[in-house]
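Colleague: Sequence and predicted structure, then a few things I'm wondering about:
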Amino acid sequence: MEEELFKALADPNRRRILDELTERDGQTLFEICTRLLTKHGLSLTRQAVSQHLAVLEQAGLVRSRREGRYKFHDLDTAPLEHVVTRWLRPRPPEGTA
């Protein structure tokens, strides 16, 4: 799972998608494409954004849900928290080693 996570985070376009979902969760593909174009000047096709979202979903960073004919995308930070805490250790008290 961590390999997919690092692969997903390696692409700057996917990181921008995550930034947009951080700012406003529960967006449709159309909303994400619009925000990428207006805020970042990225004119990615809907198909390209959809493929990026699939990679992010595979890594566990994005969850999608259907409501009627719409598909909404939500950020899931649990995989990031797991990776970050993996290397964080409490510091031993001063004078002990």
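Modeller: Good, I have the coordinates. Note that this is a predicted model, so its numbers are computed, not measured.

Colleague: how far away is the nearest residue to residue 59 once chain neighbours are set aside from residue 1?
Modeller: Of all residues not flanking residue 59 in the chain, residue 8 sits nearest, at 3.8 Å (C-beta to C-beta, 6 or more residues apart in numbering). For the C-beta atoms, the positions are set from N, CA and C on the backbone; glycine is no exception. From residue 8 over to residue 1 the distance is 11 Å, taken as C-beta to C-beta, to the nearest Å.

Colleague: Lowest-scoring secondary structure element of the chain by mean pLDDT?
Modeller: None of the helices or strands of the chain scores lower by mean pLDDT, DSSP states H and E than helix 78-87, at a mean of 86.

Colleague: which residues sit against that helix?
Modeller: 1-2, 5, 59-61 (C-beta atoms under 8 Å, 6 or more residues apart in numbering).

Colleague: Of these - the most surrounded one?
Modeller: residue 61 (23 neighbours; other C-beta atoms under 10 Å).

Colleague: thought it was touching residue 18?
Modeller: Yes: with contact defined as C-beta atoms under 8 Å, residue 61 reaches residue 18; the gap is 6.4 Å.

Colleague: next one: phi and psi at residue 64?
Modeller: Residue 64 adopts backbone torsions of phi -120, psi 150, taken as degrees, to the nearest 10.

Colleague: Count the neighbours of it for me.
Modeller: 14.
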